[in-house]
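Visitor: sequence and predicted structure below; questions after.
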Amino acid sequence: MDLKKKKSLCYLKFQKIKNQQRELLQSEKLAAIGQLSAEVVHEIRNPLNSISLNIDWLDSEMKDNNPEIKKTLKSVSREIERLAQITESYLVRARVKTPENQSTEVNELLREIVQFERGDLSGIEIETELHEKEIYIKTDRSKIKQAFINVLKNAKEAMPKGGKIRVRTLVDNNSTQVVFSDSGIGMNEEVKTKSFNPFFTTKTNGTGLGLALTKEIVEAARGRVLVASQVGVGTTFTFQFPV
């Protein structure tokens, strides 16, 4: 192969990686905006409910003493009900949805993710132990890919001085399992308990949305994600999906 052709292939590979990084960043930004909006809407609903209850109480206390005030209270109550319907409608749209009849082959997806991430794993060894047969999860490929990348990203950031990541797939107890283990700094019990809470982060520049979104994606696919961690030893995230 001549030098010109080699340069051309290297350039195309570089552009592909650059485009994938751009798409991932855009996906993370959109996810962050959506999660933030959903949290704001959720917080709005609580005072709306409180206001509605107090208006109902005022209305009952007024009896027939002042028809004009009662009319105003009913008008305010209707507007609150309308706002509640708007917030509920938004929350329904903001929830992660998994299209029906979609499935993703996990082993092939993990190979793709690992191959892509290896170029950005300075001082980190990554090994895979994938089930001998193809494994399918009933979920959208792009969404579950985002969930896996979020966990892998956390693993990398937990090993600033290098270490080892192990990615495994297996079928056990009527469930498909995808396991990410790292030899990073680990988490104490308090951090582990809060790790899936929206906006909780121990990172200086973190949004605290990565693992919250991951959990939402997995649960939308009727799965669950478990975490085990020990300070100074490492962390293991286990994804479990129904067979």
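Guide: Received, thanks.
Visitor: for the nearest residue to residue 136 once chain neighbours are set aside, grab the count of nearby residues.
Guide: Nearest non-adjacent residue to residue 136, counting by C-beta to C-beta, 6 or more residues apart in numbering: residue 103, 4.6 Å away. (C-beta placed from N, C-alpha, C; glycine too.) Using other C-beta atoms under 10 Å, residue 103 is surrounded by 12 other residues.
Visitor: contacts only, for residue 103.
Guide: By C-beta atoms under 8 Å, 6 or more residues apart in numbering, the contact set of residue 103 is 136-139.
Visitor: ok, it to residue 140 distance?
Guide: The span separating residue 103 from residue 140 equals 9 Å under the rule C-beta to C-beta, to the nearest Å.
Visitor: now residue 221
Guide: As judged by C-beta to C-beta, residue 221 and residue 140 stand 8 Å apart.
Visitor: so for these two, which sits in the more crowded spot?
Guide: residue 221 (22 against 19).
Visitor: surely the more buried one is in contact with residue 144?
Guide: Yes. The criterion here is C-beta atoms under 8 Å, and residue 221 meets it with residue 144 at 6.7 Å.
Visitor: who touches both of these two?
Guide: Residues touching both residue 221 and residue 144 comprise residue 137, with contact defined as C-beta under 8 Å, 6+ apart.
Visitor: hmm, back to that, among the contacts of residue 103, name the buried ones.
Guide: 137-139 (16 or more other C-beta atoms under 10 Å).
Visitor: take those residues and keep only those in strands.
Guide: Counting by DSSP state E, the part of the buried ones among the contacts of residue 103 found in strands is residue 137.
Visitor: reformat the buried ones among the contacts of residue 103 as CSV; add distance to residue 183 and pLDDT.
Guide: Below are the buried ones among the contacts of residue 103 laid out as CSV (distance: C-beta to C-beta, whole Å; pLDDT from 0 to 100):
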residue, distance to residue 183, pLDDT
137, 27, 91
138, 32, 89
139, 29, 89
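Visitor: out of the buried ones among the contacts of residue 103, who's nearest residue 48?
Guide: residue 139 (33.3 Å; C-beta to C-beta).
Visitor: just say helix, strand or coil for residue 59.
Guide: Under DSSP: H, G, I helix; E, B strand; the rest coil, residue 59 falls in the helix class.
Visitor: can you give me the pLDDT of residue 69?
Guide: In this model, residue 69 is scored at 80, pLDDT.
Visitor: check contacts around it.
Guide: Contacts of residue 69 (C-beta under 8 Å, 6+ apart): residue 62.
Visitor: what about it, helix or strand, and which?
Guide: Assigned by DSSP states H and E, residue 69 belongs to helix 67-94.
Visitor: same check on residue 216?
Guide: Residue 216 is part of helix 210-220 when elements are defined by DSSP H and E.
Visitor: right, and the helix or strand after that helix?
Guide: Following helix 210-220 in sequence, per DSSP H and E, is strand 224-230.
Visitor: neighbouring strands of the helix or strand that that next one is followed by in the sheet, and parallel or not?
Guide: Later in the chain than strand 224-230, the nearest helix or strand by DSSP H and E is strand 234-242. The strands beside strand 234-242 in its sheet (DSSP bridges) come out as strand 175-182 (antiparallel), strand 224-230 (antiparallel).
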